[in-house]
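Trainee: Using only what follows, build the 3D model:
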Amino acid sequence: MAGYIEDRWWTKKPDPKTGKKRKTARYGKGKRWRVAGIPGVRDRSFENKTGPDGADAWLADAQSKSRAGDFIDPRSGNMTLTEYIEDEWWPSVKGDVATLRTIKGRVWTHIIPRLGHMKLNSIKAAQLRHFLKELDSELGPRTILAVWVYLSFILQTAVEDERITRNYCKYKTVRQQLPKEPERQARAWQRDRVRAVQAALHPRFQIMVDLGVGAGLRQGEVFGLAVDDIDEAAEVIHVRRQIRKIGSKLVFAPPKGGKTRDVPLPRHLAARLRAHLEQHPANKATLPWVDPEAPKTERERKEREPQTHTLIVTGARGGALRREAWNLHEWKKALAEAGVIAEPDKVYSLKQGRTLLKYEASREHGFHALRHTFASVHLDARETIVSVSKWLGHSDPSITLRVYAHMMPEADGRGRAAMDAWFAVDPEKFSPDPPQLPEAA
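Mentor: This next block holds a predicted model:
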């Protein structure tokens, strides 16, 4: 069996003259016993030969795990979490630019400051429970859950890299301390609210409401919609791109999830688009594709080469719209005028030297509410969940069902009628009437 224990203080062979072992040059220095000779396992030294923490016990355990292919040297986890993240984990993470920025923000803001100084092999259940308690005092449930996903992924990668033996994020006592994700039902708008908000918008932007309600487009997809994406002959809208903000710069990018799709084009929406373009002609906009940073390789140059599209909705000067500015100066202003949210407070900014309008937080009244209305109308008309999911651009119909199940119409007796018809094929065998009892004598 591979592996042996070496005494580093005494020579293996005795003195030929005295017949006794001799002291080595290391006698009395450092740990006396060294385990060596196990394939794939680094040598390790011990103070004692016997006992639960001695060389004998470790050799037996290492030999057993080595034969099974399960051996992980505990010393591999002696690096700090920060060292592992910066040197090994982060360089291997892939994703689009915006996703990578989000991940890095969560990890460097919430994980490294609290756990980064700890050794990988010291991050166990107790430390993770304390970490969750700290987060709970500072962050909301959704942010905590997002941070937790990244931490668990980092530690699981360390397990697979054979740095540590377990990912304690998966332990029951730890997971029990995770906050429950707050329930947030998607709510559609009534027709009068849609019309009121649309009327309060500048005429240049009113078509955006039609695209949100009539085609279920996301806000960024409306920003990136071009004239040649409208196919009246086929009665579809080709959803091919969106506009995203990366840092301070705008880019064209694929729709969410990287999936292009076709959405039905109702005749009313087609007519509204024609009228809009007559009043507000489309403008060309040129933006980088996906990543605004200067390319470093020829491949990056080709992948990021700027694209030009004739956009249906643009700003007053003809440029592409920016989400934050449009939401603040156009959308929230229209919400307030329509009575959906309160009028803004006027706050003087010392930094900017002027009075600013401060609107209330209104996440539930974002542009996405129009998309919920689109889903509601189609589900109420009994379009299949698969079709609605495809038009919304969801990766799986189960997502659509989870978000919009409460919008699906209640059962209206059609199932009962169908079963009655099925049984009626053989009315003698399947009679809906109860059996007749004989009359009493």
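
Trainee: Could you list the low-pLDDT ranges of the chain?
Mentor: 1, 39-41, 63-77, 183-184, 408-441 (pLDDT under 70).

Trainee: most centrally placed residue in it?
Mentor: Residue closest to the mean C-alpha point of the chain, counted by CA atoms, centre = their mean, is Ala146 at 7.5 Å.

Trainee: Just list the residues touching it, thanks.
Mentor: Arg106 (CB atoms under 8 Å, 6 or more residues apart in numbering). In this view, the C-beta of every residue, glycine as well, is placed from N, C-alpha and C.

Trainee: Now it, what are its backbone angles?
Mentor: Main-chain torsions, Ala146, degrees, to the nearest 10: phi -70, psi -40.

Trainee: what's the helix or strand for Ile243?
Mentor: Assessed by DSSP states H and E, Ile243 sits inside strand 242-246.

Trainee: So which residues make contact with that strand?
Mentor: The contact list for strand 242-246, computed with CB under 8 Å, 6+ apart, reads 97-98, 101, 218, 220-221, 223-224, 250-256, 287, 291-292, 320-324.

Trainee: Apply 10 Å and report the result again.
Mentor: Contacts with strand 242-246, where a contact means CB atoms under 10 Å, 6 or more residues apart in numbering, come from 96-98, 100-101, 217-225, 250-256, 285, 287-288, 290-293, 309, 311, 320-324.

Trainee: List buried residues within those residues.
Mentor: Among these, those that count as buried by neighbour count (16 or more other CB atoms under 10 Å) are 96-98, 217-225, 250-256, 285, 287-288, 290-292, 309, 311, 320-323.

Trainee: Out of those residues, which sit inside strands?
Mentor: Among the buried ones among the contacts of strand 242-246, DSSP state E puts 250-253, 285, 287, 309, 311 in strands.

Trainee: Does the nearest residue to Glu47 once chain neighbours are set aside fall in a helix, a strand, or a coil region?
Mentor: Closest residue to Glu47 apart from its sequence neighbours, by CB to CB, 6 or more residues apart in numbering: Lys31 at 5.3 Å. Secondary structure, DSSP: H, G, I helix; E, B strand; the rest coil: Lys31 is coil.

Trainee: and Lys31, what is it in contact with?
Mentor: So Lys31 contacts 8-9, 44-48, 55 (CB under 10 Å, 6+ apart).

Trainee: If we use 7 Å, what do you get?
Mentor: Shown in contact with Lys31 (CB atoms under 7 Å, 6 or more residues apart in numbering): 45-47.

Trainee: With Gln177 instead?
Mentor: 129, 132.

Trainee: Which secondary structure element is home to it?
Mentor: Using DSSP H and E, Gln177 falls outside every helix and strand.

Trainee: From Arg166, how far off is it?
Mentor: 18 Å (CB to CB, to the nearest Å).

Trainee: try Gly319
Mentor: Applying CB to CB to Gly319 and Arg166 gives a distance of 53 Å.

Trainee: related to what we said a few turns ago, for the strand holding Ile243, buried residues please.
Mentor: 242-244, 246.

Trainee: just the angle between it and strand 249-253, please?
Mentor: 140 degrees (axes from the mean of the first three to the mean of the last three CA atoms, to 10 degrees).

Trainee: which neighbours does strand 242-246 have in its sheet, and in what orientation?
Mentor: Strand 242-246 has the following strand partners under DSSP bridges: strand 249-253 (antiparallel).

Trainee: following the partner strand, which helix or strand shows up next?
Mentor: Defined by DSSP H and E, the subsequent element after strand 249-253 is strand 261-264.

Trainee: outside of that following strand, which residues touch it?
Mentor: 215-216, 235-239, 255, 390-391, 393.

Trainee: Adding distance to Val35, write the buried residues of strand 242-246 out as a markdown table.
Mentor: Conversion of these to a markdown table gives the following (distance: CB to CB, whole Å):
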| residue | distance to Val35 |
| --- | --- |
| Gln242 | 58 |
| Ile243 | 61 |
| Arg244 | 55 |
| Ile246 | 52 |
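
Trainee: Return the member of these nearest to Thr80.
Mentor: Ile246 (30.4 Å; CB to CB).

Trainee: Can you give me the neighbour number for the nearest residue to Ala215 once chain neighbours are set aside?
Mentor: Spatial nearest neighbour of Ala215, chain neighbours left out: Val263 (4.7 Å); criterion: CB to CB, 6+ apart. Using other CB atoms under 10 Å, Val263 is surrounded by 22 other residues.

Trainee: ok, now Leu350?
Mentor: 6.

Trainee: Quick check: the gap between Ala294 and Arg301.
Mentor: The gap separating Ala294 from Arg301 is 9 Å, by CB to CB.

Trainee: End to end on stretch 161-171, go ahead and measure it.
Mentor: 20 Å (CA to CA, to the nearest Å).

Trainee: What is the distance between it and the centre of its chain?
Mentor: Here stretch 161-171 is found 22 Å from its chain centre; the criterion is CA atoms, centre = their mean, to the nearest Å.

Trainee: what does stretch 290-302 give?
Mentor: Chain-centre distance of stretch 290-302: 25 Å, with CA atoms, centre = their mean.

Trainee: which element is Ser387 on?
Mentor: Here Ser387 is assigned to helix 385-392, by DSSP H and E.

Trainee: what's that helix packed up against?
Mentor: strand 261-264, helix 368-380, helix 397-404 (3 or more CB pairs under 7 Å, 6 or more residues apart in numbering; DSSP states H and E).

Trainee: hmm, 6 Å instead?
Mentor: Counting contacts by 3 or more CB pairs under 6 Å, 6 or more residues apart in numbering; DSSP states H and E, helix 385-392 packs against helix 397-404.

Trainee: If you count neighbours, what's buried in the helix it packs on?
Mentor: Of the residues in helix 397-404, those buried (16+ other CB under 10 Å) are 397, 400, 403-404.

Trainee: Kindly indicate which of those residues lies nearest Ala188.
Mentor: Among those, and counting by CB to CB, the member closest to Ala188 is Tyr404, at 9.1 Å.
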